[in-house]
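In: Predicted model and sequence follow; I will ask about them next.
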Amino acid sequence: MLKLIADNYLWFLIFILLLNMTQRKYPHTRKKRLATIYIATLLMIFNIIIVVILTNDLNHYLAWPAFILVVFAGYIFRDRAWPFKRHCVECGKKLDFDHVLGYDDNLCKDCYDIKYPEEAAKKKEKEKKVVEEIKEPFVCPDSVEDINWDEWEAEEKCVLAYVVKDDKVLLIDKKKGMGTGLVNGPGGHIELEETAIEAAYREFTEETGLTTKDLQYRGTLRFQFKDGISMIGYVYFGTEAEGTLKSSEETTPFWCDMDKIPYDKMWEDDPMWLPRAFDGEQFDGYFIFDGEKMLSSSLEFNSDESEEA
């Protein structure tokens, strides 16, 4: 048995040194790297004793006191020789191999990122760059028929809210941002942890100064731009508005007679669906734009009531 240990000691040493080299890739791992050296040293001492026993043909049972001595030494210096933990010292979550072998803090990935936010931010940015490098560039087709809309995903989500009251509709002049100089309905982006209808009420008030409380879903618009921007918009209609009109940094609101809606100053898709939406029809729209120029479109109308997806 002792001869077997002596003959294979070199492999144990190589294995431990390989672990030590692997630990070099982890930050904040000095303590655990030293631990593998301590372990290798203890094993080397034990092997030397075994070699002495075998060389001098001593009683093999002498290896047991040597083994106990090495284990005792490891116990005395356990903080240095065995700093490895299987579970996160903060949350108790089981650690993966990387965080057991490296990272002296013995924290799981989430707890480690909280303790070292700058490292987490740099790592996230590096991963983002790698993804961007390997990601194939998107080539937007010129026809909506060439896009698989079932698999299409919108990077931006927004809402539009039209209020019709006393044969007038509330519109806005866009002063900055996408669609500057065009006429549109009040609306904007859906914030995180906000539903579409919540965003519709909020954006309506922010862009007009008025409040409304009877918005109903009317349709969905999907836009793919040639420059890669993808956007989905949920459209709502209402009949109530209270308060005093107020301009914002981005918009100037105004009431417009229904028979004088300036479609020639609106996005090119608006005249295709807005008149029928005013009549109560629900719709799904698919569009491809190059800047403010519409290249292709597809519309589906349904007069039956349905809920927003």
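Out: Now that the structure is in, tell me what you want to look at.

In: Surely residue 248 touches residue 207?
Out: Yes. With contacts defined as C-beta atoms under 8 Å, residue 248 counts as touching residue 207 at a distance of 5.5 Å. From N, CA and C alone the C-beta is placed, and that goes for glycine too.

In: show me where this structure has helices.
Out: Ranges of helices within the chain are 2-23, 30-55, 63-76, 78-81, 97-101, 109-115, 117-134, 196-208, 270-278, based on DSSP state H.

In: So which of those helices is the most surrounded?
Out: helix 196-208 (a mean of 21; mean count of other C-beta atoms under 10 Å).

In: Mind giving me the packing neighbours of that helix?
Out: The helices and strands touching helix 196-208, judged by 3 or more C-beta pairs under 8 Å, 6 or more residues apart in numbering; DSSP states H and E, are strand 156-165, strand 168-174, strand 187-189, strand 230-238, strand 251-257.

In: which stretches of the protein have low pLDDT?
Out: Along the chain, the parts satisfying pLDDT under 70 run over 130-137, 303-309.

In: Turn the helices of the chain into JSON lines, including distance to residue 260.
Out: Output for these, formatted as JSON lines (distance: least, C-beta to C-beta, whole Å):
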{"stretch": "helix 2-23", "distance to residue 260": "73"}
{"stretch": "helix 30-55", "distance to residue 260": "75"}
{"stretch": "helix 63-76", "distance to residue 260": "89"}
{"stretch": "helix 78-81", "distance to residue 260": "82"}
{"stretch": "helix 97-101", "distance to residue 260": "66"}
{"stretch": "helix 109-115", "distance to residue 260": "57"}
{"stretch": "helix 117-134", "distance to residue 260": "47"}
{"stretch": "helix 196-208", "distance to residue 260": "19"}
{"stretch": "helix 270-278", "distance to residue 260": "13"}
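
In: what's the burial count for residue 259?
Out: The tally of other residues near residue 259 (other C-beta atoms under 10 Å) stands at 6.

In: just checking, residue 37 touches residue 21?
Out: No. Taking contacts as C-beta under 8 Å, residue 37 lies outside contact range of residue 21: 11.7 Å.

In: how about the helices and strands packed on helix 196-208 in JSON lines, adding distance to residue 290 and mean neighbour count?
Out: Formatted as JSON lines, the helices and strands packed on helix 196-208 follow (distance: least, C-beta to C-beta, whole Å; neighbours: other C-beta atoms under 10 Å):
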{"stretch": "strand 156-165", "distance to residue 290": "17", "mean neighbour count": "20"}
{"stretch": "strand 168-174", "distance to residue 290": "19", "mean neighbour count": "19"}
{"stretch": "strand 187-189", "distance to residue 290": "22", "mean neighbour count": "19"}
{"stretch": "strand 230-238", "distance to residue 290": "14", "mean neighbour count": "21"}
{"stretch": "strand 251-257", "distance to residue 290": "25", "mean neighbour count": "16"}
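
In: Let me have those in JSON lines, extended by distance to residue 53.
Out: Below are those laid out as JSON lines (distance: least, C-beta to C-beta, whole Å):
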{"stretch": "strand 156-165", "distance to residue 53": "74"}
{"stretch": "strand 168-174", "distance to residue 53": "89"}
{"stretch": "strand 187-189", "distance to residue 53": "77"}
{"stretch": "strand 230-238", "distance to residue 53": "74"}
{"stretch": "strand 251-257", "distance to residue 53": "89"}
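
In: Next, the contact list for residue 1, please.
Out: residue 60 (C-beta atoms under 8 Å, 6 or more residues apart in numbering).
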